[in-house]
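Trainee: fold the following for me, if possible:
(2 chains)
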Amino acid sequence: MTGHFDDYEPRPATYDEMFDGADVRQSYATVREQVDRLSPEELRARSEYLSSSYLDQGVTFDIGGEERPFPLDIVPRLIDSQSWQRVEVGVAQRVRALEAFLADIYGEGQVFRDGVIPRRVVTSSPHFLRPAMGIRPPSGVRVHVAGIDLVRDEQGEFRVLEDNVRIPSGVSYVMTNRRALSAALPEVFTHHRIRPVAHYPNRLLAALRACAPTGVADPTVVVLTPGVYNPAYFEHALLARLMGVRLVEGGDLVAQAGHVYVRTTHGLHPVHVIYRRVDDDFLDPVHFRRDSVLGVPGLLNAARVGNVAIANAVGNGVADDKLVYTYVPDLIRYYLGQEPVLRNIDTWRMEDPGHREEVLDRLDELVLKPVDGAGGKGIVIGPRATSAQIETLRGRLLADPRGWIAQPVVQLSTVPTLINGRMAARHVDLRPFAVHDGDKVSVLPGGLTRVALPEGELIVNSSQGGGSKDTWVLAADHVLPDLEPEPAREGPLHPASKPVAEPAPSPADSQGQTQSQSQSQGQTQFQSQTGGAR
Amino acid sequence: MLSRIAEALFWIGRYIERAECTSRILDAHLQVLTEDPTIDREATCRALLAAMGVSHDGTYDQAAVLRLLFHDRSSSASVVSAIDSARESARRSREVVSTEMWEAINTTYNQTTSGQLSRMRPADAFRLIRERASMIAALADGTLSHDTGWQFLVLGRSIERVDMTARLLLSTANGAGGASSWQTTLRACGAHHAFTRTYRAIESPRAAAEFLLLDRLFPRSVVFGLTQAAACLEVLDPRQRRLGFGGDAARIVGQARASLDVRSLNDLLSDLPGEMERLQRVCVEATDAVTHRYFEGAVAPEWLGGTQ
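Mentor: Sure, this is the predicted structure:
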């Protein structure tokens, strides 16, 4: 019998996650063996099961008014335990640094005084929201949920593509993909030890409850959705259902005298934590867009008084800004005293005259991204653009250099994908989801693997014709040694972050340390908090 | 319970029941139209469409009935549009509706949009809808907590059932079909079997009317539906245990049931069309009262943004 992967061709100059040249990588050996036992008809039937079960469950998205099942590929994407440990530690590290950064810029602004990032970079970001200045969220958590987008470069190393600490979406697909694929390929499943993802809603609920305003014994959590017509409505409903909390729309909530209530058939009930999936701009018409009917007038004032926790916090968008992204490695060194575990993609800042000159000469070989774009919007890939597009781009860059960054074209790694009955190499990325409860950053072992379905396409967003794969993080056969980030080699340190190696404090100054820890909201507890890989 | 969710569940109950009743009505009537050589086809179609509240310009024939009451998405009385609306309500209350119930509704909806339904023989399509509706209702009863939300769902279902039975009785009373048309009506209410078991196979319009109006044990009779609706309303508003009725809806429903209970059958049958029209009005008024009492909080307050 011929195998499904016999005439599979990896793409040139690209890291293929399943094949190293003609040889299958060890972690994928069992997948290949098991999938090869299926006849082509059987494989097609299983693949069709995936889409029909998604149609029945309503896991769909609209294309021009027609509902299509969310595309899920039959071949899983595997990540071995060692690579995953790096992702886990690196993502947690990044979330901690961004958390500290947001607390700093919406608070004292020490980072500007120490010259780590220019003040104008932050204040010129459209997502830096002055109404959020001085708001201290309960437990000090602003990034309750983070989705840091990662890619694997030509050497197979995980690199950070962008940060997403506003309202990262896609975690529902992580859970539904797992259920659908385990029903479609049970025999492949049983031959692996795959770390589970189904506990995500429990983790999320625990984190949200942990971040409730102080003094509330049994906090009420709600999920705030823009409504049925939002493309991510399925996810909002799924999370609300699995957490067992109310799914509310703006009109269901009312803010009175610094408290937020939900309208029920038996009157108003107080709400303590709002997991909101509504953008900052629409959240509170008192402070932001006046014409918004999706939000709750007075919500931000209630948050300022501390009677309600908003997750994620208002104003986080500044950390997603792609110009701020270029400073994140420095921010990690500054706040945590560590070298970044996951490297950024090399990036040119268009607002820097030197960088700009270099980029303008090489527009046809680089990728240009708007700093506040999400969902792959506005990205120009130089080698694919026509000369007319390049000239338009040049004009736009010169008009608004703050609005753009440039990166080399990264050939994202590929994984075999079933296209028209044949296995073909398609580019993928990875969005791991991290939940921060104020004490521990836990990274869901899995994450959303998005696939660019057209051949050679590098943009994976589902709005641009992307599909997905179930992501299997394999359990380790033995206990892995802890992965310690290296201490920072250069740069200033935040006053609260101490050098990692320090003699045990004597009783006399341990009190002083406790104080500084509470000021820095636990940044120095990093070592004990990254042990989740075991 | 959120007002918005309560409203969605109430309407899921109504729409699913409407789809089931309508397909049962179509099944019975289309069979008569095909088999009975004595009836006036056009008049029967006209009466049926009028009873279902559909106005229509053009020829009155089997195809028009099938289109307007079954396949036409834009006709508000059609089965397909009821399924559409039920799914839309379920989507709005997705976190309250159980997964199994949602999937049953969604699969039914997918069958209507994929064209599968229009390719089936009509009789098979009617049976499919009846079975799916029963399944959805059973999943609602079997997988949801019987809390306030479920009470709203059952309330909607009961009111719709009363409304449908009243419409059918009205159309039969207006027609001049005699005994055979009462047989059709019994079958359209799914009551033929139960009626025959209770009254034997007698051909009595009076007995049929009595059964469909007043039988306390048959779940599709008017009295049964009103009793169930009243029970739901009492659970929803338990504050008035000692003194009369809690709200307008309970009063309206209770009055209608009492009037059926205490009056003699002769009295009722002397003006059956008038009685049935009154019953339909009761359903409308009860729905309005429930909407006013429980759902109106769902309407978003208007926000006048600052001075702009």
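Trainee: run through the neighbouring helices and strands of the helix or strand of chain B with the lowest mean pLDDT.
Mentor: Least confident helix or strand, chain B: helix B:179-188 with a mean of 82, by mean pLDDT, DSSP states H and E. Other elements packing on helix B:179-188 under the criterion 3 or more CB pairs under 8 Å, 6 or more residues apart in numbering or on different chains; DSSP states H and E are helix B:3-35, helix B:148-174, helix B:192-199, helix B:205-214. All C-beta atoms are positioned from the backbone trio N, CA, C, and that covers glycine.
Trainee: what is the neighbour count of residue 233?
Mentor: You didn't pick a chain, so chain A it is. 19 (other CB atoms under 10 Å in any protein chain shown).
Trainee: the intended chain is chain B.
Mentor: 26.
Trainee: how about it, nearest residue that isn't a chain neighbour?
Mentor: Closest residue in space to B:Leu233, ignoring its immediate chain neighbours: B:Ala250 at 4.2 Å, by CB to CB, 6 or more residues apart in numbering or on different chains.
Trainee: that neighbour and B:Ala231 touch, don't they?
Mentor: No: B:Ala250 lies out of contact with B:Ala231 (CB atoms under 8 Å); the separation is 10.0 Å.
Trainee: more neighbours, the two?
Mentor: Using other CB under 10 Å as the criterion, B:Ala250 and B:Ala231 rank with B:Ala250 on top: 23 against 15.
Trainee: can you check my assumption that the more buried one lies in a helix?
Mentor: Yes: assigned with DSSP: H, G, I helix; E, B strand; the rest coil, B:Ala250 falls within a helix.
Trainee: who's in contact with the helix or strand hosting A:Arg44?
Mentor: Using DSSP states H and E, A:Arg44 sits in helix A:40-57. Outside of helix A:40-57, the residues that reach it under the criterion CB atoms under 8 Å, 6 or more residues apart in numbering or on different chains are A:4, A:35, A:38, A:60, A:67, A:69-74, A:176, A:180-181, A:183-185, A:418, A:421, B:99, B:102-103, B:106-107, B:110.
Trainee: show residues contacting the least confident helix or strand of chain B.
Mentor: By CB under 8 Å, 6+ apart, the residues outside helix B:179-188 that reach it are B:24-25, B:27-29, B:32, B:36, B:168-169, B:171-172, B:175, B:177, B:192, B:195, B:203-205, B:208-209, B:211-212.
Trainee: same check on stretch A:292-304?
Mentor: Under CB under 8 Å, 6+ apart, the answer for stretch A:292-304 is A:131-132, A:134-135, A:137, A:224, A:226-227, A:249-251, A:253-256, A:258-260, A:274, A:278, A:281-288, A:308-310, A:314, B:300, B:303.
Trainee: thinking again about what came up before, show me how to select, in ChimeraX, the buried members of the contacts of helix B:179-188.
Mentor: Here is the ChimeraX command that selects the buried residues among these (16 or more other CB atoms under 10 Å in any protein chain shown):
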select /B:24,25,27,28,29,32,168,169,171,172,175,177,192,195,205,208,209,211,212
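Trainee: leaving out sequence neighbours, find the closest residue to A:Met255.
Mentor: For residue A:255 the amino acid is Ala, not Met. The shortest distance from A:Ala255 to any non-neighbouring residue, by CB to CB, 6+ apart, is to A:Gly298 (3.2 Å).
Trainee: do the same with A:Thr14
Mentor: For A:Thr14, the spatially nearest residue (CB to CB, 6+ apart) is A:Gln411, at 4.5 Å.
Trainee: mind listing what the one you found touches?
Mentor: A:11, A:13-15, A:153-154, A:427, A:458.
Trainee: what's the closest of these to A:Pro340?
Mentor: A:Asp153 (14.9 Å; CB to CB).
Trainee: about what we covered before: can you tell me how far the residue nearest to B:Leu233 is from B:Asp237?
Mentor: 7 Å (CB to CB, to the nearest Å).
Trainee: burial measure for A:Val410, as a count.
Mentor: The burial count for A:Val410: 19, using other CB under 10 Å.
Trainee: can you check the one 4 residues further on too?
Mentor: A:Thr414 has 23 neighbouring residues, counting by other CB under 10 Å.
Trainee: which parts of the stretch 401-534 of chain A sit against chain B?
Mentor: Within the stretch 401-534 of chain A, no position lies close to chain B (CB under 8 Å from any CB of the partner chain).
Trainee: what ranges do the helices span in the stretch 401-534 of chain A?
Mentor: Here the stretch 401-534 of chain A has its helices, by DSSP state H, counting those that start in this stretch, at A:507-519, A:526-529.
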